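Q: Give me a model of this one.
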Amino acid sequence: MSSIAFIGLGNMGGPMAANLVKAGHHVRGFDLSETACGLARTNGVEIAASAADAARVSEIIITMLPAGKHVLAVYGDPAGVLATCPKGALLIDCSTIDVTSARAAHDLARSAGAASLDAPVSGGVGGASAGTLTFMAGGDLDAFARAQPVLAAMGRRIVHCGDAGAGQAAKICNNMILGISMIAVSEAFVLAEKLGLSRQALFDVASTASGQCWSLTSYCPVPGPVPTSPANNDYKPGFSAELMLKDLSLAQEAARACGVETNLGRSAAELYDEFNKSGHAGLDFSAIVQQVRQRSGA
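A: Next up is the predicted model:
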């Protein structure tokens, strides 16, 4: 079993660290939130005084942080994790950040003689708790091979996507598809309501026809057809509208940098931005159907 430092014990990082403990790993964690640290402690995580202290005796350092600037601050601190971790340690960043920052983090690790992966996740809080996340990894194959047994304790599917930054690229492209498709499904259900077609009838047709997609069959945005979807729990988030906007914004940033025209991605980002600004950032991203309904007078 491995000695692991886990930096960032929030809604995602906390249950991920807990699953590592369940798998028999020794986990030293750190978070700026005392509440997050307290919960992690009850789940068997040893709480360190700082990120650098957590890394001091850890052969693997995992970060799950809000944005690229936070990851680079942890990696770039001259007295931080790269200064204190054992020689040859493996750093795995599971945050969802911009590709440029991900590649910069790899460069910092390489300069310090450490191996590294960017390995963002899909599956939300439910997947983090259940240990069923999908990991999208970028980095060299040796680092990926070292990381696989650890990632397997937290996820069900682990995909090597390519070199440094490829994991982040896969994540933002996937979530651009997800954001667009959820809006499309929401618009279809509101249109069905206006046409007098029941939710169940539309679901029964589209879920087995050419309109089938994950946003419909697993995360249906209206109550009824999929009992486990957030729509049946007042849109309590598995993946919040705020996080969807973050990912769509990262995708737009990358698209501008590459000169790629993403009209639907841009429109999705604008709609989620409006939804967040109207006070719904804490709802599940599938609650975007409420905005479609409101704008349609439904």
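Q: what number of residues lie near R157?
A: Neighbour count for R157, taken as other C-beta atoms under 10 Å: 13. Just so you know, the C-beta spots here come from the backbone N, C-alpha and C atoms, and that holds for glycine as well.
Q: same question for the strand or helix carrying it, mean pLDDT?
A: R157 belongs to strand 155-162 when assigned by DSSP states H and E. The predicted model assigns strand 155-162 a mean pLDDT of 98.
Q: just stretch 270-281 next, same as before
A: Mean pLDDT, computed over stretch 270-281, is 98.
Q: Can you give me the buried ones in that stretch?
A: By neighbour count with 16 or more other C-beta atoms under 10 Å, stretch 270-281 contains the buried residues L271, Y272, F275, N276, H280, A281.
Q: thinking the last one is in contact with M244, fair?
A: Put plainly, it is A281. No. The pair A281 / M244 is not scored as a contact, 9.7 Å apart, by C-beta atoms under 8 Å.
Q: And the residue nearest the centre of the chain?
A: By C-alpha atoms, centre = their mean, the chain has its centre lying nearest to V121, at 4.6 Å.
Q: Show me what it is bridged to.
A: F135 (DSSP bridges).
Q: So it versus L197, what's the distance?
A: To L197, V121 is 36 Å away according to C-beta to C-beta, to the nearest Å.
Q: Can you tell me the closest non-neighbouring residue to L264?
A: Once flanking residues are discounted, L264 sits nearest to I180: 4.9 Å by C-beta to C-beta, 6 or more residues apart in numbering.
Q: I misspoke; the intended subject was P230.
A: Of all residues not flanking P230 in the chain, D284 sits nearest, at 3.9 Å (C-beta to C-beta, 6+ apart).
Q: residue contacts, that neighbour?
A: Residues in contact with D284 (C-beta atoms under 8 Å, 6 or more residues apart in numbering) are P230, Y235, K236, P237, G238, F239, S240, A241.
Q: Where do the strands of the stretch 51-200 of the chain begin and end?
A: 60-63, 90-93, 115-118, 121-122, 133-138, 155-162 (DSSP state E, counting those that start in this stretch).
Q: which stretch in these has the least confidence?
A: Looking at the strands of the stretch 51-200 of the chain, the weakest mean confidence is strand 121-122, a mean of 94.
Q: Against which helices or strands is that one packed?
A: Judged by 3 or more C-beta pairs under 8 Å, 6 or more residues apart in numbering; DSSP states H and E, the packing partners of strand 121-122 are strand 133-138, helix 166-195.
Q: how big is the angle separating the last one from strand 133-138?
A: Relative orientation of helix 166-195 with respect to strand 133-138: 130 degrees, computed using axes from the mean of the first three to the mean of the last three C-alpha atoms, to 10 degrees.
Q: how does the chain divide up, domain by domain?
A: For the chain, automatic domain parsing gives the domain ranges 3-162, 169-295.
Q: the helices in this protein, which residues?
A: Along the chain, the segments classed as helices by DSSP state H run 13-22, 34-42, 51-55, 68-76, 81-84, 99-111, 124-130, 141-152, 166-195, 199-206, 214-217, 241-258, 263-275, 288-295.
Q: okay, now A241: neighbour count?
A: Count around A241 with other C-beta under 10 Å applied: 25.
Q: from what I can see it touches E274, true?
A: No. Using C-beta under 8 Å, A241 is not in contact with E274; the gap is 10.4 Å.
Q: returning to what we had before: single out the most deeply packed of the helices and strands packed on strand 121-122.
A: Greatest average neighbour count among the helices and strands packed on strand 121-122 goes to strand 133-138 (a mean of 25), per mean count of other C-beta atoms under 10 Å.
Q: E242 and D284, how far apart?
A: 10 Å.
Q: same thing with L133?
A: Noted for L133: a distance of 17 Å to D284, by C-beta to C-beta.
Q: residues contacting the nearest residue to Y75 once chain neighbours are set aside?
A: Leaving aside its sequence neighbours, Y75 sits nearest to L108 (C-beta to C-beta, 6+ apart; 4.4 Å). Residues in contact with L108 (C-beta under 8 Å, 6+ apart) are L72, Y75, G76, L82.
Q: rerun at 7 Å
A: Y75, G76, L82 (C-beta atoms under 7 Å, 6 or more residues apart in numbering).
Q: Look up the closest residue to the last one, ignoring the ones flanking it.
A: With C-beta to C-beta, 6+ apart as the measure, A112 is the residue that lies nearest to L82, at 4.0 Å, once sequence neighbours are left out.
Q: How much space separates the one you found from V185?
A: Distance, A112 to V185, by C-beta to C-beta: 45 Å.
Q: ok, what's across the strand from the residue nearest to P230?
A: Going by DSSP bridges, D284 forms beta bridges with S240.
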